[in-house]
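> this is a predicted model, with the sequence first.
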Amino acid sequence: MKYGMTGKILRIDLTDLTYAVEEPDEYIYRTYYGGSALACYYLLNECPKGTDPMGPDNLLIFASSPLVGSGIPGSNRYSVAAISPLSGIYGEAEAGGWWSPELKRAGYDAVLIKGKAEKPVYLWIHDGQVEIRNAGALWGKGTGDAQDIIKNDLGVKRVSVAAIGPAGENQVRFACVVNGLKHTNGRGGLGAVMGSKNLKAIAVRGKQSPDFHDKETLKRVIEWYANNFMDHPIERVLHDGGTIGWDVTELDEAGILPTYNFRSGSFEKADDICGETFHKQYFIEAGSCQGCVIRCKRVARSDGPYKVDPAYGGPEYETAAAFGSLCGVSDLEVVCKAHELCNKYTLDSISTGATIAFAMECFENGLLTAKDTDGLELKFGNQKAMVECIHKVANREGIGDLLAEGSRRASETIGGGAKKLAMHVKGQELAMHEPRGKGSLGLAYALSSTGANHTEGPHDYLFQEGALGVSDLPELGILEPVPAIELTPEKVRYFALMQLTWNVFNTLGLCIFTAGPGKLLKMNQVAQAVEAATGWNVTLWEIMKLAERTVTLKRAVSVLHGITRKDDCLPDRFFQPLEGGLLKGMALEQEVFEKSLDLYYDMRGWDRNTGIPTAGKLVELGLGWVNKLLGQQ
Amino acid sequence: MSVTFQPKGLLKSFCREYLNGEEIIELNNKEGQTIEAVCLEIGLPLNMISLFVVNEKPKPKDYLLKNGDRVKCVAIIGGG
Ligand code: SF4
């Protein structure tokens, strides 16, 4: 690799505390680029069916990408991937911040970690050097303390630390990884994989950025973006209000704000937890990721009864809804506190809120009693009980030990109808978007290879007639707007194409808020930026094929680990009428949904009956070698 | 003889001078005009508005306003 990447992959074996450096052929980089596609390549090759997610043979991958560090707004992300302890299939989560560019400056494109250290350790990767250091003094600490101790230990202030807190150490199945205290690889329980390996943190620092091929073009795009983003309505509102500022009130008004464990689409106290209230009462400043002018991050502080520490940033929309409307909690200070605790303990705020909401519904239905909950009156709206539950989950105490297993496993243990109340797909809890009011989002949840995932595809309203995103669709071959709610064949086509654009960003290390349909930087410009970074002759066609390869690789990992078409489903609740809000009475139709899945498999080149990518499709994508792994050909 | 427009959440920032610190914009003599025309007049970006709710019911942007109508304008972006 001459441009864009370091050309080096770092392998760590924690069992014998050794490391090795690999220099993959350029063919590997051009086929898989980085991020999630590169992670899948290694997982398919090295984690056979039956790999225990918490065992030493699970491969934990931190993967950057060629665009990272180029300065293109949003090009600061990385994927963490492994076999997920939450779903048992492909697990992946992305984060921004500074960690990914710093890893490349430290000399590596990705870190692959196997084995299990006998005692807690952390990795110190700096200017090509690698040290595996004792983390005994860090174990049991939250991310803030752990980061401070590491910085002191190394005597380096400007070090970027991706770490786990007690939830990761205790192998909570939805523990996450947090870098810089504010940026989370949230989903899929990858923090628990770190914990299972006795790996507390990875600290990175370097002075040498990889060379980029056409710096002039990159500079032009960066300047153009900086000069124009405030004229783009979406980028402007993201800059002005963050994600917490663009959703709660709006979704509530539209009747699709997940409320009371997805029973209703409207929360009577939505205004108390919305962006405006947040900005009036708890907002202290905006934050950012490396090289991004949007600055959508929010920092919260409170000196009230719950005392919120600004060091951990502030809640995104997902967190506000998960600990707010979903649990029936209307005190925004409590929501901010829940966010802080999640980043300190390293808990995925979506799965944590969703699992507590599930437990609340179980409690209200008598499936859990105060005897099971250590005396907590775990009813919707009981904010004290909710906060107590977060502590208990992170430390696996009492009821927390059951909930730390995630809603699917907890519902199996509770029994007696609890399964119907667990809002998950393939074991991963739904994010805070209501599929009864967003047609293609239901497909995204059902078809994602990681389980319910809201970043698997776009949110439909932006592409209905007259909406801002419509003018961005023709470059993808979509010439008509699509209705927001209905599931039509055209909608399935739209989803299949748009899913590619959202997925490829996880391979390119690019933020979905800065680029793609409906955003300022268009897909053609993304292709040009990749060409400028790498020096390869890159077209939009290549990027879209890379996207298709990414989606198919993820599917292949999950197929290898046991999923079939029958797992591509939604909880029964979504085929029942919504109980409240503007769309009250709205339900998905099972037959229409199944037909949409049929069409999707046809479009994707996956078998309709099994959901497995066909032998021909794999060969067409340059993935013929995967056929053997899947027992095909 | 008036209708009211209520831009929800982030849409408020596009018509602050009409809102003048309030939540709702009260407009006279709009009967017979479309929602679209009034949005353009008060500076609301139509391509960001996903939903118009008139008297608690969704309506299209070419709905003709009647005296006393209460219009909410909602932008749904999603993600995050
Ligand atoms: S838009 Fe927000 S999340 Fe994305 S890179 Fe910029 S600051 Fe980070």
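Looks like it came in fine.
> quick check: phi and psi at the residue nearest the centre of chain A.
When C-alpha atoms, centre = their mean is applied to chain A, the residue found nearest the centroid is A:Ala93 (4.0 Å). Backbone geometry at A:Ala93, expressed as degrees, to the nearest 10, gives phi -150, psi 150.
> likewise A:Gly616?
According to degrees, to the nearest 10, A:Gly616 has phi -60, psi -40.
> just the element for residue 38, please.
I'll assume chain A. helix A:35-46 (DSSP states H and E).
> nope, chain B
Per DSSP H and E: helix B:35-42 holds B:Val38.
> and the helix or strand that that helix is followed by, C-alpha only, in PDB?
Note on helix B:35-42: by DSSP H and E, the next helix or strand toward the C-terminus is strand B:51-54. As requested, C-alpha coordinates have been extracted for strand B:51-54 and formatted as PDB (Å, rounded to 0.1, in the frame of the first residue of the first chain):
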ATOM      1  CA  LEU B  51     -45.500  15.700   7.900                       C
ATOM      2  CA  PHE B  52     -48.200  18.400   8.200                       C
ATOM      3  CA  VAL B  53     -50.700  17.800  11.000                       C
ATOM      4  CA  VAL B  54     -53.900  19.900  10.700                       C
END
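> the next helix or strand after strand B:51-54: partners in the sheet, and parallel or antiparallel?
Downstream of strand B:51-54, the next assigned helix or strand under DSSP H and E is strand B:57-59. Strand pairing for strand B:57-59, using DSSP bridges, gives strand B:51-54 (antiparallel).
> just how off-centre is the partner strand within its chain?
8 Å (C-alpha atoms, centre = their mean, to the nearest Å).
> how about stretch A:437-450?
On C-alpha atoms, centre = their mean, the centre of stretch A:437-450 falls 14 Å from that of its chain.
> also stretch A:594-606?
Distance of stretch A:594-606 from its chain centroid, counting by C-alpha atoms, centre = their mean, is 24 Å.
> buried ones in that stretch?
Within stretch A:594-606, the residues that count as buried by 16 or more other C-beta atoms under 10 Å in any protein chain shown are A:Ser596, A:Leu597, A:Leu599, A:Tyr600, A:Tyr601, A:Arg604, A:Gly605, A:Trp606. For the C-beta atoms, the positions are set from N, CA and C on the backbone; glycine is no exception.
> so B:Asp62 touches B:Gln33, yeah?
No - counting by C-beta atoms under 8 Å, B:Asp62 sits too far from B:Gln33 to count as a contact (10.4 Å).
> and A:Phe283, how far is that from A:Gly136?
Separation of A:Phe283 from A:Gly136 (C-beta to C-beta, to the nearest Å): 38 Å.
> so who does the nearest residue to the residue nearest to the centre of chain A once chain neighbours are set aside touch?
In space, A:Ala93 comes closest to A:Asn185 once its chain neighbours are excluded; the distance is 3.8 Å by C-beta to C-beta, 6 or more residues apart in numbering or on different chains. By C-beta atoms under 8 Å, 6 or more residues apart in numbering or on different chains, the contact set of A:Asn185 is A:Tyr78, A:Ser79, A:Val80, A:Ala93, A:Glu94, A:Ala95, A:Ala162, A:Cys176, A:Val177, A:Val178, A:Asn179, A:Gly191.
> so where is chain B shaky, pLDDT-wise?
Chain B contains residues with pLDDT under 70 at B:1, B:79-80.
> count the neighbours of residue 72 for me.
You didn't pick a chain, so chain A it is. 29 (other C-beta atoms under 10 Å in any protein chain shown).
> can you look at chain B instead?
Quick note: B:Lys72 (other C-beta under 10 Å) scores 21 neighbours.
> before we move on, what about A:Lys307?
Neighbour count for A:Lys307, taken as other C-beta under 10 Å: 12.
> so what does it have for phi and psi?
Note on A:Lys307: its backbone torsions stand at phi 40, psi 100 [degrees, to the nearest 10].
> what helix or strand is the residue nearest to it when sequence neighbours are not counted on?
Leaving aside its chain neighbours, A:Lys307 sits nearest to A:Lys337 (7.6 Å; criterion: C-beta to C-beta, 6+ apart). Assigned by DSSP H and E, A:Lys337 falls within helix A:332-345.
> which strands and helices sit next to that helix?
Here helix A:332-345 touches helix A:143-154, helix A:275-281, strand A:297-300, helix A:317-323, helix A:349-364, helix A:383-395, going by 3 or more C-beta pairs under 8 Å, 6 or more residues apart in numbering or on different chains; DSSP states H and E.
> and if we set it to 7 Å?
Secondary-structure packing of helix A:332-345 (3 or more C-beta pairs under 7 Å, 6 or more residues apart in numbering or on different chains; DSSP states H and E): helix A:143-154, helix A:275-281, helix A:317-323, helix A:349-364, helix A:383-395.
> the closest residue in space to A:Leu238 that isn't next to it in sequence: what's it in contact with?
On the basis of C-beta to C-beta, 6+ apart, the spatially nearest residue to A:Leu238 that is not a chain neighbour turns out to be A:Cys296, at 4.7 Å. By C-beta atoms under 7 Å, 6 or more residues apart in numbering or on different chains, the residues touching A:Cys296 are A:Leu238, A:His239, A:Gly242, A:Thr243, A:Phe513.
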